[in-house]
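Engineer: Provided below for reference: sequence and predicted model.
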Amino acid sequence: MFFRGFFNGFLTGGIIGALASYLFIPQKKLQVDKKMMMGKSRRLQRRARRVMKEVSDGINELLKK
């Protein structure tokens, strides 16, 4: 019985400690360069546009047959 209570308390203390550290220790915020982010989004948009164009061309080609 002693060990069961000990381990339950140990587990509960660990969970409470993790929650307390998450709440009270300030979180580091990621610094993201806006120019880098815009460059990535432009590249992704360009790639998505190219893929959509290829798909629509393929579908149009299938419909013509």
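Structural biologist: That came through fine. Predicted, not measured: the structure shown is a model, and the values here were computed from it.

Engineer: how about the helices in this structure?
Structural biologist: Under the criterion DSSP state H, helices of the chain are mapped to 2-24, 34-64.

Engineer: may I see those helices arranged in CSV, with mean pLDDT as well?
Structural biologist: Formatted as CSV, the helices of the chain follow (pLDDT from 0 to 100):
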stretch, mean pLDDT
helix 2-24, 81
helix 34-64, 80
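
Engineer: dump these to CSV, plus mean neighbour count.
Structural biologist: All C-beta atoms are positioned from the backbone trio N, CA, C, and that covers glycine. As requested, those are exported to CSV (neighbours: other Cβ atoms under 10 Å):
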stretch, mean neighbour count
helix 2-24, 9
helix 34-64, 10
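
Engineer: which residues touch residue 16?
Structural biologist: Contact partners of residue 16, counting by Cβ atoms under 8 Å, 6 or more residues apart in numbering, are absent.

Engineer: gap between it and residue 53?
Structural biologist: 56 Å (Cβ to Cβ, to the nearest Å).

Engineer: residue 6 now?
Structural biologist: The gap separating residue 6 from residue 53 is 66 Å, by Cβ to Cβ.
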